[in-house]
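Q: Everything below, folded, please.
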Amino acid sequence: MAKFQSLHDAVRDNLKDGDIVAFEGFTHLIPHAAAHEAIRQGRKDLTLIRMTPDIIYDQMIGMGLVKKVVFSYAGNPGVGLLRRMRDAIENGWPRSIETVEHSHAAMANAYEAGAAGLPCAIFRGYRGAGLKDVNPEIRTIACPFTGEELAAVPAHRPDVAFIHAQKASRRGDVLVEGIIGVQKEVVLASKRAVVTVEEIVDDFDDLHPNLCVLPHWTITSVVHVPGGAHPSYTHGYYERDNAAYLEWDKVSADRDLFTTWMRKNVLEAGPEAFAERVKGL
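A: Numbering: from 1, shown residues only. Got it, this is the predicted structure:
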């Protein structure tokens, strides 16, 4: 049952050292504020799962929170590399990390399998692909009905999921509109789910078919964090801050500049800063 909490308390109660955690959002509704709170609380030895890791995972890796990343494509969207992730992989700074790479299809199917309580995902994929040669978690299985060779990967079952959404009702139901990636699946696949939202309302009005409502019984904690997806965007509230992604490429290229930026904008800031950052977007 959904519990309304501050961001500090929601992260403290739900994210533990050594957890398997997913901060999900696909170009849209990326839970930056929640990731920053995890950094402020100094969590460590995390295994991060994510389709398309972007700058929040770059920041968490650069701050030494991460031991392993399970992902499909990693990059600063529209800009280039994740420089802190690359530094950790190539140079072990600030620590070495393990990586497990999948395709988008495999990641999405693994979340769906986890949401269904299945041990693995079975799908058509990886035929002729070299990724299975470097990822031992990619297996093959014969269809018992047709004999067709199919791909199989372990289901994703995170200890905790973090997502951002537009609205929560006072009962704790969550409304997600616009581009929806695997937010529904990751919430259903995880043992605990924390949702930051732009606003809390009495009920949802003007519902239309292209949306997702997560019922309150699928959510552990709801947190009111206006602007909590910045610099990604929230449909109906603010646009993507492209300048921030360009800035990150420069900031993340230098260890000292990265450390200074993180101290000013994350360690010495709080969730209320996100509302200021989206003014005028």
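Q: Next, the residue lying closest to residue 244 once chain neighbours are set aside: phi, psi?
A: Of all residues not flanking residue 244 in the chain, residue 231 sits nearest, at 3.5 Å (CB to CB, 6 or more residues apart in numbering). From N, CA and C alone the C-beta is placed, and that goes for glycine too. Residue 231 adopts backbone torsions of phi -90, psi 0, taken as degrees, to the nearest 10.
Q: from here on, count from 607
A: Sounds good: first residue 607 from here, last item residue 837.
Q: Name the residues that touch stretch 829-848?
A: For stretch 829-848, contacts defined as CB atoms under 8 Å, 6 or more residues apart in numbering pick out 610-613, 616, 631, 633-640, 660-661, 684, 770, 772, 774, 783-785, 800-806, 850-851, 877, 880-884, 887.
Q: Same question for stretch 849-858.
A: Stretch 849-858 has contacts (CB under 8 Å, 6+ apart) with 661, 664, 668, 682-690, 836-837, 863-864, 867.
Q: Among those residues, filter down to the buried ones and hand me the PyMOL syntax, if you would.
A: Filtering the contacts of stretch 849-858 down to the buried ones (16 or more other CB atoms under 10 Å) takes a single PyMOL command:
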select buried, resi 661+664+668+682+683+685+688+689+690+836+837+864+867
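Q: Out of the contacts of stretch 849-858, which sit inside helices?
A: 661, 664, 668, 689-690, 863-864, 867 (DSSP state H).
Q: Need these in TSV (columns: pLDDT and distance to residue 724).
A: Shown next, in TSV, are these (pLDDT from 0 to 100; distance: CB to CB, whole Å):
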residue	pLDDT	distance to residue 724
661	96	32
664	98	31
668	98	35
689	98	37
690	98	34
863	98	45
864	98	40
867	98	42
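Q: so where do the strands sit in the chain?
A: Taking DSSP state E, the strands of the chain run over residues 609-610, 626-629, 652-657, 672-678, 704-707, 726-729, 745-748, 755-760, 766-775, 780-783, 798-807, 817-820, 827-830.
Q: Now render those strands as a markdown table, adding distance to residue 713 and mean pLDDT.
A: Rendered in a markdown table, the data for the strands of the chain read as follows (distance: least, CB to CB, whole Å; pLDDT from 0 to 100):
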| stretch | distance to residue 713 | mean pLDDT |
| --- | --- | --- |
| strand 609-610 | 29 | 97 |
| strand 626-629 | 10 | 98 |
| strand 652-657 | 5 | 97 |
| strand 672-678 | 5 | 97 |
| strand 704-707 | 10 | 97 |
| strand 726-729 | 9 | 97 |
| strand 745-748 | 16 | 95 |
| strand 755-760 | 9 | 97 |
| strand 766-775 | 14 | 97 |
| strand 780-783 | 18 | 95 |
| strand 798-807 | 18 | 98 |
| strand 817-820 | 18 | 90 |
| strand 827-830 | 24 | 98 |
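Q: Please dump these into TSV; it should also carry distance to residue 694 and mean neighbour count for every row.
A: As requested, the strands of the chain are exported to TSV (distance: least, CB to CB, whole Å; neighbours: other CB atoms under 10 Å):
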stretch	distance to residue 694	mean neighbour count
strand 609-610	34	15
strand 626-629	17	26
strand 652-657	12	24
strand 672-678	8	20
strand 704-707	9	15
strand 726-729	28	18
strand 745-748	28	12
strand 755-760	23	19
strand 766-775	21	26
strand 780-783	31	24
strand 798-807	25	22
strand 817-820	33	17
strand 827-830	29	23
